[in-house]
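Enquirer: 3D, please:
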Amino acid sequence: MSDFLYKKNKKFYLSLLIPALLLYCAALAGPLLIGSLPYSFLNWNLIKGKKEFIGLGNYIKLFQDERFIHAVGFTIMLAVVSIILSNIVAFAVAFMLDRNVRGKGVIRSFFFIPNIISGVMVAFVWIFIFTNAIPNVGERLNLDYLVNISWFGNADMSMAAVVIVTTWQSTGFLMMLYVAGLQTIPRDVIEAAMLDGCVGLKKIFRIQLPLLMPTVTINLFVSIAGAFKSFDIPLSLTGGGPANSTQTIALNIYTDAFGAYKTGYASAKSMVLFFMVAVIAFIQLRITRKREVQM
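Expert: Numbering: from 1, shown residues only. Coordinates of the predicted model:
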């Protein structure tokens, strides 16, 4: 019935997308195509103001830039780990809060709060936790390991810190979407499955997750876009250090654009980032949409 209505009113439904598409083009697609793309073919220093057309020179140069290649590697690692962890934690919390839990509205609010706080404030809070709270807990419990952890002087621990904070901030938003998705699953479907002996993990993996695939699709898309654009938390938490070990692609672009004033070179990097996210998101959408189940 829904497919019939869609086909009958297809033009009307598509026309409803026009205002959103116009806003998107004006705010994002327009500046990207009019600004960043043409600038990426120029040798342009913002201070000197001199613009010189060099074709694909910037693109050839960035693939020989070790700092940029390392930033790509760290961003991919951050994306993979934080996306997996945040979605697993978000689903687990949503699953527990989907039951009759006292005060679940308040609990949801507590989990969602980190998402509405700016990344800079989140980073400052976690700097205090890493440098003061955790060592104090270690002293009280006589755990020298917790006292002596160098969160920001060691590359591996700095990477772990960025992953922890990124996951912590993004979990709340994903959790709310999973809660909404779980509430759309008909209770009679769950009850029928339980009567057939489908309980526990079997119920989650064979009934709930397949019916949640539209929500999983949205959450993965949001997570991928957010992880690859990660900027404020690495900048405020570690500054990209030590030795650029936690520098993301966005932070690397910012450093070139507003630190070295290499506007053309930074524009080329931003275009590479855009195409990376677009390709990965497209592949993810194709894979997850095939697994969606119609109710």
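Enquirer: and M121, backbone torsions?
Expert: Note on M121: backbone dihedrals following degrees, to the nearest 10 are phi -70, psi -40.
Enquirer: state the distance from it to I113.
Expert: Applying CB to CB, to the nearest Å, one obtains 11 Å for the distance of M121 from I113. Using the backbone N, CA and C atoms, a C-beta is placed for each residue, glycine as well.
Enquirer: again with K269
Expert: 33 Å.
Enquirer: ok, these two, which is more surrounded?
Expert: K269 (27 against 11; other CB atoms under 10 Å).
Enquirer: what about the more buried one, distance to S223?
Expert: In this view, K269 and S223 are 22 Å apart by CB to CB.
Enquirer: and Y59, by the same measure?
Expert: 28 Å.
Enquirer: those two: which is more packed in?
Expert: Between Y59 and S223, counted using other CB under 10 Å, S223 has the larger neighbour count: 22 against 16.
Enquirer: please, which helix or strand holds that one?
Expert: helix 213-228 (DSSP states H and E).
Enquirer: toward the C-terminus from that helix, list the very next helix or strand.
Expert: Using DSSP H and E, the helix or strand that follows helix 213-228 in sequence is helix 232-237.
Enquirer: ok, and what's touching that next one?
Expert: 118-120, 122-124, 126-127, 152, 161-162, 165-166, 169, 240, 246-248, 251, 254 (CB atoms under 8 Å, 6 or more residues apart in numbering).
Enquirer: again, only using 7 Å
Expert: Applying CB atoms under 7 Å, 6 or more residues apart in numbering, the set of residues contacting helix 232-237 from outside is 118-120, 122-124, 126-127, 161-162, 165-166, 240, 246-248, 251.
Enquirer: from the chain's centroid, how far away is it?
Expert: 14 Å (CA atoms, centre = their mean, to the nearest Å).
Enquirer: i'd like the first residue to be 73 from this point on
Expert: In the new numbering, first residue 73, that becomes helix 304-309.
Enquirer: quick one: average confidence on whatever helix or strand comes next after that helix?
Expert: Using DSSP H and E, the helix or strand that follows helix 304-309 in sequence is helix 321-330. Averaged across helix 321-330, pLDDT comes to 91.
Enquirer: pull out the buried positions in helix 321-330.
Expert: I321, A322, L323, N324, I325, Y326, T327, D328, A329 (16 or more other CB atoms under 10 Å).
Enquirer: what strand or helix carries P91?
Expert: helix 90-96.
Enquirer: got a list of what the residue nearest to K301 when sequence neighbours are not counted touches?
Expert: Among residues not flanking K301 along the chain, A322 sits closest, at 5.6 Å (CB to CB, 6 or more residues apart in numbering). By CB under 7 Å, 6+ apart, A322 lies in contact with K301, S302, F303.
Enquirer: and with 10 Å instead?
Expert: Neighbour list for A322: A143, T147, F300, K301, S302, F303, D304, P306, L307, K341, S342, L345 [criterion: CB atoms under 10 Å, 6 or more residues apart in numbering].
Enquirer: tell me which two of these sit farthest apart.
Expert: D304 and K341 (18.0 Å; CB to CB).
Enquirer: biggest helix in the chain by residues?
Expert: For the chain, the longest helix by residue count, based on DSSP state H, is helix 138-169.
Enquirer: in terms of secondary structure, what does that helix contact?
Expert: Contact here means 3 or more CB pairs under 10 Å, 6 or more residues apart in numbering; DSSP states H and E; on that basis helix 138-169 packs against helix 129-134, helix 176-188, helix 227-256, helix 285-300, helix 304-309, helix 321-330, helix 335-362.
Enquirer: so how far is R259 from the spatially closest residue to V173 that is not a sequence neighbour?
Expert: Nearest non-adjacent residue to V173, counting by CB to CB, 6+ apart: I179, 7.1 Å away. Distance from I179 to R259, counting by CB to CB: 22 Å.
Enquirer: more neighbours, the two?
Expert: I179 (15 against 8).
Enquirer: residues touching the more buried one, list them.
Expert: Applying CB under 10 Å, 6+ apart to I179 gives the contacts V165, M168, L169, V173, M247.
Enquirer: spatially nearest residue to the first one (excluding sequence neighbours)?
Expert: With CB to CB, 6+ apart as the measure, M247 is the residue that lies nearest to V165, at 4.9 Å, once sequence neighbours are left out.
Enquirer: can you pull the pLDDT of the residue nearest to V173?
Expert: Per the predicted model, pLDDT is 81 at I179.
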